[in-house]
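Novice: just need the structure, nothing else, for what follows:
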Amino acid sequence: MPETITDVADVIYKTDALIAQDIDAYLETHQHKTMLRFITCGSVDDGKSTLIGRLLYDSKMIFEDQLAALESDSKKQGTQGQAIDFALLVDGLAAEREQGITIDVAYRFFNTEKRKFIVADCPGHEQYTRNMVTGASTADLAVILIDARKGVLVQTRRHSYLCHLLGIRNIVLAVNKMDLVDYSQARFDEIVADYRAFATSIGIDTFTALPISGFAGDNVTAPSANTPWYTGPSLIAHLETVPVRGADDLARPFRMPVQWVNRPNLDFRGFSGLIASGSVKPGDAVRVLPSGKTSTVTRIVTLEGDLDQALAGQAITLCLADEIDCSRGDVLALADAPPEVADQFQATLVWMADEALTPGRAYWLKLGTQTVSATVRTPEYVVNVNTMEHLAAKTLELNAIGVAEVVTDKPLVFEPYTESRTLGGFILIDKISNATVGAGMLEFSLRRAQNVHWQALDVTRKAHAALKMQQPAVLWFTGLSGSGKSTIANLVEKKLHALGKHTFLLDGDNVRHGLNKDLGFTDADRIENIRRVGEVAKLMTDAGLIVLTAFISPFRAERELVRSLLPEGEFIEVFIDTPLEDAEKRDVKGLYKKARSGQLQNFTGIDSPYERPENPEIRVDTRRESPEDAAERIVERVIGAWMPVI
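Specialist: This next block holds a predicted model:
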């Protein structure tokens, strides 16, 4: 029977006697227990939080003050009448308690005599799928709950697919609320058969099915007399014996992403990090990636002293025999079995932002300790989690799962996600807001990434600039259509040319007659337009030119992308600040009139946004400064800032 609030007051939680007798001995016994990280997931109201609350309660992991608070909260906000509402132990947000749902991922620790556990309570609502992915990314096992009354639902399928996608191979199917279907074996068997059919279709070959009641405690910590037809283990018994991931990591080759270069004084230099896989010992030959330089391990340093060997999961500092270049973001690996290095990949993405993916836009990609700039191309397909169909798509919306090519600006040390979560799993971060917008799993590098290499050239960009007696740079004119960008850029180029400077002007309209004639004016096409122009401008600066560009370039992220392509100080953003009403009055080409009448779609300032520069190097207020005066000021800035290279 479920415990009532009165029963709680009578329960006496006795702390392990060993704690009082010998705290060191108690800690020693727990130090050597294995750790299992698992998640609970499933559809809304399947009882995930209640189950975790029951596990905490039955494992005596609730303190007296928590019991008192639980008693009070169950009376005020509980959903179980006079019985304990175990879900309140996990659902701590005010909104969660008000609505009786889980919103954020809640992590809880508990232990038994055999093992330690960290459990993540994941939300069941579709809109919080991104939170579920966060919890599942570090889990070794997933407990997928199903309400015995409702059976397999859409979120059951979605969460099962995501768990499999994220590499969780230990699946527990917990058919919950069996007390509400009179512990029917027929109902249990029906649900298990339905789930097995779906699981097989997505590649889940095995799973463990249990009939439970998180509320009543049936088959949670001990076998229940209410299910005499079930002869398998209780949930806790299964969790205590399931194999953990550590053994697999230990069997793989040595990998350690470098987190920090430890150099406290002139006499010590070490490379600190957490061993992702394998083992290492003094005398082992290691390779630093992506550079490929090799050396030998001389010491393994830890807080407790030097080690003769270090294993996966340990945080260490390695000292090497040679003074080689190695810094945060590099990966130390076994010399004769290194991971791959590439800059183009196929990846599976889970989109986690309200704003859809913009193909071609640059995002920060963070993989382990590596952070690089990356773009995602138009998805090859998205996955319908209900039917497993591959559907055509131009972008990824919130919670969508799709496959796309990812291109990075620098080589990335990686392994397929199926082999290594550490070197195969990544997140995408918006460069402007710094919000995490997506999570991904690298599948493989593209062949063209392995076959295309930089060709070393004897005549360098410095030599080109010296020949022209000038410092190469890009003057990036940005502003609304009709703001006067092309007019001012043209005047600036004429003045620079008269001074003997080697220049070239890339104009937005002119470029669209040739290089970018295949592009339209959608957000994705605008981004690709600027990317191409940025690459061309970079090539021209490599040739020693001063490049002027006149483009609306409405998105801040793409302007920053071009800035990142160039050496520091060579990108000068010139914001032609003209109010929309002034630009619309000029309307030399009649474009605003067409946009207002609906004849022209995706027009900047009307039905497509313009993101004003936040800190441009030069700002031209066209209401207060004539084009001629603005051009003169810009030229003075150019000549004053960039002296001839001798």
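Novice: please make it C-alpha for all contacts and neighbour counts, starting now.
Specialist: Noted.
Novice: gap between the nearest residue to Pro616 once chain neighbours are set aside and His32?
Specialist: Once flanking residues are discounted, Pro616 sits nearest to Glu573: 5.1 Å by Cα to Cα, 6 or more residues apart in numbering. Per Cα to Cα, to the nearest Å, Glu573 is found 58 Å from His32.
Novice: touching, the residue nearest to Pro616 and Glu614? I think so.
Specialist: No: contact criterion Cα atoms under 8 Å: Glu573 and Glu614 do not qualify, at 10.3 Å.
Novice: who has more neighbours out of those two?
Specialist: Counting neighbours by other Cα atoms under 10 Å for Glu573 and for Glu614 shows that Glu573 has the greater number, 21 against 8.
Novice: for that one, give me its contacts.
Specialist: Leu475, Trp476, Phe477, Thr478, Pro616, Glu617, Ile618 (Cα atoms under 8 Å, 6 or more residues apart in numbering).
Novice: bridged to it, which residues?
Specialist: Trp476 (DSSP bridges).
Novice: now Ser295: which helix or strand?
Specialist: Ser295 is part of strand 293-301 when elements are defined by DSSP states H and E.
Novice: give me the contact list for that strand.
Specialist: With Cα under 8 Å, 6+ apart, strand 293-301 has contacts from 281-288, 306-310, 316-322, 324, 335.
Novice: tell me the SS of Ala199?
Specialist: Under DSSP: H, G, I helix; E, B strand; the rest coil, Ala199 falls in the helix class.
Novice: no wait, Val406
Specialist: Val406, by the three-state scheme (three-state DSSP), is strand.
Novice: where does the stretch 451-600 of the chain dip in pLDDT?
Specialist: Applying pLDDT under 70 to the stretch 451-600 of the chain flags the ranges 451-456.
Novice: ah, wrong one, I meant the chain
Specialist: Along the chain, segments meeting pLDDT under 70 span 1-23, 25-30, 59-104, 124-128, 246-247, 447-456, 640-646.
Novice: which helix in it runs the most residues?
Specialist: helix 523-542 (DSSP state H).
Novice: elements contacting that helix?
Specialist: helix 461-468, strand 473-478, strand 546-550, helix 556-565 (3 or more Cα pairs under 8 Å, 6 or more residues apart in numbering; DSSP states H and E).
Novice: how about a cut-off of 10 Å?
Specialist: helix 461-468, strand 473-478, strand 503-507, helix 508-511, strand 546-550, helix 556-565 (3 or more Cα pairs under 10 Å, 6 or more residues apart in numbering; DSSP states H and E).
Novice: and that helix, what's buried?
Specialist: By 16 or more other Cα atoms under 10 Å, the buried positions in helix 523-542 come out as 523-531, 533-534, 537-538, 540-542.
Novice: how about stretch 588-600?
Specialist: Quick answer for stretch 588-600 (16+ other Cα under 10 Å): Leu591, Tyr592, Ala595.
Novice: inside helices: which ones of those residues?
Specialist: Secondary structure from DSSP H places Leu591, Tyr592, Ala595 of these in helices.
Novice: which ones are touching the closest residue in space to Ser445 that isn't next to it in sequence?
Specialist: For Ser445, ignoring the flanking residues on the chain, the nearest one in space by Cα to Cα, 6+ apart is Phe345 at 4.2 Å. Phe345 makes contact with 376, 404-408, 412, 414, 416, 442-449, according to Cα atoms under 10 Å, 6 or more residues apart in numbering.
Novice: repeat that for Lys501.
Specialist: Lys468, Met469, Gln470, Gln471, Glu493, Lys494, Lys495, Leu545, Ile546, Ile639, Pro644.
Novice: I figured the fifth one hits Val635, correct?
Specialist: Right, the one you point to is Glu493. Yes: counting by Cα atoms under 10 Å, Glu493 does reach Val635; the two are 8.7 Å apart.
Novice: circling back: what's the angle between the longest helix of the chain and helix 461-468?
Specialist: 60 degrees (axes from the mean of the first three to the mean of the last three Cα atoms, to 10 degrees).
Novice: got the contact list for stretch 240-251?
Specialist: Under the contact criterion Cα under 10 Å, 6+ apart, stretch 240-251 has outside partners 34-37, 111-117, 139-141, 168-170, 255, 275-279, 311-313, 419-420.
Novice: if any of those residues are buried, put those into a PyMOL selection.
Specialist: The PyMOL selection below is limited to those of these classed as buried (16+ other Cα under 10 Å):
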select buried, resi 35+36+37+111+112+115+116+117+139+140+141+168+169+170+255+275+276+277+278+279+311+312+313+420
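Novice: inside strands: which ones of the contacts of stretch 240-251?
Specialist: Among those, DSSP state E puts 34-37, 111, 115-117, 141, 170, 255, 279, 311 in strands.
Novice: and what about Gly402, helix, strand or coil?
Specialist: Three-state assignment for Gly402 (three-state DSSP): strand.
Novice: could you give the number of residues near it?
Specialist: For Gly402, the count of nearby residues is 24 (other Cα under 10 Å).
Novice: need the contact list for the residue sitting furthest away from the middle of the chain.
Specialist: The centre of the chain is farthest from one residue, Ala498, which by Cα atoms, centre = their mean lies 50.4 Å away. Ala498 makes contact with Val492, according to Cα under 10 Å, 6+ apart.
Novice: one more: Trp229?
Specialist: Tyr183, Ser184, Gln185.
Novice: gap between it and Ser184?
Specialist: 10 Å.
Novice: am I right that Ala337 is in a helix?
Specialist: No: the assignment for Ala337, made by three-state DSSP, is coil rather than a helix.
Novice: not counting sequence-adjacent ones, nearest residue to it?
Specialist: Leaving aside its sequence neighbours, Ala337 sits nearest to Pro253 (Cα to Cα, 6+ apart; 6.8 Å).
Novice: before we move on, the earlier item: tabulate the ones in helices among the buried residues of stretch 588-600 (TSV), appending distance to Lys585.
Specialist: Shown next, in TSV, are these (distance: Cα to Cα, whole Å):
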residue	distance to Lys585
Leu591	11
Tyr592	9
Ala595	13
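Novice: and which of those is nearest Lys150?
Specialist: Ranked by distance to Lys150 (Cα to Cα), these are led by Ala595 at 51.1 Å.
Novice: which residues in the stretch 101-250 of the chain form strands?
Specialist: Taking DSSP state E, counting those that start in this stretch as the criterion, the stretch 101-250 of the chain carries its strands at 106-111, 115-121, 141-147, 170-176, 208-211.
Novice: could you export the ones you listed as JSON lines, including distance to Tyr610?
Specialist: Converted to JSON lines, these look like this (distance: least, Cα to Cα, whole Å):
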{"stretch": "strand 106-111", "distance to Tyr610": "39"}
{"stretch": "strand 115-121", "distance to Tyr610": "41"}
{"stretch": "strand 141-147", "distance to Tyr610": "45"}
{"stretch": "strand 170-176", "distance to Tyr610": "48"}
{"stretch": "strand 208-211", "distance to Tyr610": "54"}
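Novice: deepest-packed of these, please.
Specialist: Neighbour counts (mean count of other Cα atoms under 10 Å) averaged over each of the strands of the stretch 101-250 of the chain peak at strand 141-147, with a mean of 26.
Novice: what packs against that strand?
Specialist: Partner elements for strand 141-147 (3+ Cα pairs under 10 Å, 6+ apart): strand 34-42, helix 48-58, strand 115-121, helix 154-165, strand 170-176, helix 185-201, strand 208-211, helix 235-241.
Novice: any idea how far the second one is from the middle of the chain?
Specialist: Its chain's C-alpha centre lies 29 Å from the corresponding centre of helix 48-58 when counted by Cα atoms, centre = their mean, to the nearest Å.
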